[in-house]
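A.B. asks: any chance you can model this:
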Amino acid sequence: MLALIAACTVLSASALLQPPRRTRYASALRAGAGPPQYDKIDATLVANEVVGRATNLLRLESDAPLDYKAGHVLALEVEKDDEWLRGPYTVTRATEKTFDVVIRVCGNKSEVMAASPVGSRWRFGGKFHVPILEGIADRASRVVCLATGTGFGPVLGFAEEAMAHSDLKLTVLAGFREAEDVCCKDAVQRLCVLHPERFECAYVISSTDGRISSDTALASIADIADAETHFHLIGNGAMVNEWKEGLAKAGVPEDFVTTETYFNHKAEADAEVVKRISTKIAAGR
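C.D. replies: Okay, the predicted model is just below:
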């Protein structure tokens with residue numbers, strides 16, 4: 001286990017296949033993309049847990065049977081003053097009756113959601129994008145997941161699915177601005193304890209460690225990434241775009257890279273960062 005991974009796995013433990021394969025964007029439900037069409041289903045909030053600074057995990061129980069997996073995107077609606085507030089959220093995990101989403105509390109809608117009591121009635125609908133596990137290349141034996149912020153939630157749900165239904169090995173690097181922003185530590189701890197030979201996780205704190213594209217993080221990834229490594233990128237568009245371009249220049253096949261962008265969709269990739277990524281990853285392969 002690599003030094004960066006080992007150190008951060010200790011930190012987390014003390015606290016946490018089929019086509020189509022495609023680039024996935026959470027744009028279908030953005031205001032600028034026009035209103036999507038979906039059937040509205042009633043649900044009840046059955047859990048509302050603070051899992052990090054300004055970060056909540058919401059669990060909703062549906063009035064109808066569900067068929068969601070980690071990485072599906074749905075529209076979630078909550079009522080406030082006779083108005084339904086709506087937004088796109090990526091499913092962290094799901095059962096036949098419940099689904100979890102991790103939200104960042106950073107505006108009116110998310111504040112209303114975070115303040116909602118257990119037992120409150122909500123609505124949801126739609127099933128967009130490809131679940132993470134189904135997008136993994138058939139030839140992959142390892143997956144490197146690079147996530148920022150609440151993009152870490154669906155990655156953990158995917159990790160749980162992968163541990164249960166595949167032989168994949170997973171390496172996760174999760175980027176947060178401050179150490180207090182790290183979320184979902186209990187889920188990380190469970191995965192580390194139950195699957196020590198197949199799952200490892202590092203927290204990259206940008207205020208002290210630099211970004212996920214820092215030399216230290218890149219060296220850790222390059223040491224384990226080979227021709228059978230699939231990359232899943234999720235979160236800030238700046239990170240996603242830089243890594244997507246860098247991996248392409250490093251010769252990673254297109255079907256070995258899947259993405260989901262939460263915001264900064266049009267961020268231009270930093271040419272120097274792209275070069276650094278491509279050089280390190282190509283050398284490791």
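
A.B. asks: apart from its chain neighbours, what residue comes closest to residue 101?
C.D. replies: residue 89 (4.2 Å; Cβ to Cβ, 6 or more residues apart in numbering). Placement of C-beta: from N, CA and C, glycine included.

A.B. asks: ranges for the strands of this protein?
C.D. replies: 24-25, 41-52, 55-62, 73-80, 83-94, 98-104, 121-128, 142-148, 169-176, 199-205, 229-236, 257-263 (DSSP state E).

A.B. asks: adding distance to residue 218 and mean neighbour count, write the ones you listed out as TSV.
C.D. replies: Output for those, formatted as TSV (distance: least, Cβ to Cβ, whole Å; neighbours: other Cβ atoms under 10 Å):
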stretch	distance to residue 218	mean neighbour count
strand 24-25	24	21
strand 41-52	25	17
strand 55-62	26	22
strand 73-80	29	21
strand 83-94	26	20
strand 98-104	26	23
strand 121-128	32	18
strand 142-148	11	24
strand 169-176	10	25
strand 199-205	11	24
strand 229-236	13	25
strand 257-263	16	21
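
A.B. asks: closest one to residue 184 among the ones you listed?
C.D. replies: strand 41-52 (5.1 Å; Cβ to Cβ).

A.B. asks: my guess is residue 172 meets residue 201, correct?
C.D. replies: Yes. Between residue 172 and residue 201 there is a contact under Cβ atoms under 8 Å: 4.4 Å.

A.B. asks: and the strands of the chain as a markdown table, adding mean pLDDT?
C.D. replies: Shown next, in a markdown table, are these (pLDDT from 0 to 100):
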| stretch | mean pLDDT |
| --- | --- |
| strand 24-25 | 35 |
| strand 41-52 | 98 |
| strand 55-62 | 99 |
| strand 73-80 | 97 |
| strand 83-94 | 97 |
| strand 98-104 | 99 |
| strand 121-128 | 97 |
| strand 142-148 | 98 |
| strand 169-176 | 98 |
| strand 199-205 | 97 |
| strand 229-236 | 98 |
| strand 257-263 | 97 |
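
A.B. asks: quick one, what contacts the residue nearest the centre of the chain?
C.D. replies: Centroid-nearest residue in the chain, with Cα atoms, centre = their mean: residue 151, separated by 3.1 Å. Residue 151 is in contact with 90, 234-236, 260, 262, counting by Cβ atoms under 8 Å, 6 or more residues apart in numbering.

A.B. asks: what about it, distance to residue 45?
C.D. replies: To residue 45, residue 151 is 22 Å away according to Cβ to Cβ, to the nearest Å.

A.B. asks: do the same with residue 97
C.D. replies: Residue 97 is 13 Å from residue 45, by Cβ to Cβ.

A.B. asks: likewise for residue 73?
C.D. replies: Taken as Cβ to Cβ, the span from residue 73 to residue 45 is 19 Å.

A.B. asks: likewise residue 208?
C.D. replies: For residue 208 relative to residue 45 (Cβ to Cβ), the value is 35 Å.

A.B. asks: cool, and residue 75?
C.D. replies: 16 Å.

A.B. asks: and residue 125, by the same measure?
C.D. replies: Between residue 125 and residue 45 the computed distance is 16 Å (Cβ to Cβ).

A.B. asks: residue 101 too?
C.D. replies: Noted for residue 101: a distance of 11 Å to residue 45, by Cβ to Cβ.

A.B. asks: what is in contact with these two at once?
C.D. replies: 58, 60.

A.B. asks: just checking, the residue nearest to residue 101 touches residue 77?
C.D. replies: No. With contact defined as Cβ under 8 Å, residue 89 and residue 77 do not form a contacting pair (10.4 Å).

A.B. asks: domain parsing for the chain?
C.D. replies: 3-24+131-284, 36-128 (automatic domain parsing).

A.B. asks: find the nearest non-adjacent residue to residue 127, please.
C.D. replies: The nearest residue in space to residue 127 (Cβ to Cβ, 6+ apart) is residue 72, at 5.4 Å.

A.B. asks: now swap in residue 209 and tell me
C.D. replies: That would be residue 216: by Cβ to Cβ, 6+ apart, it lies 6.8 Å from residue 209.
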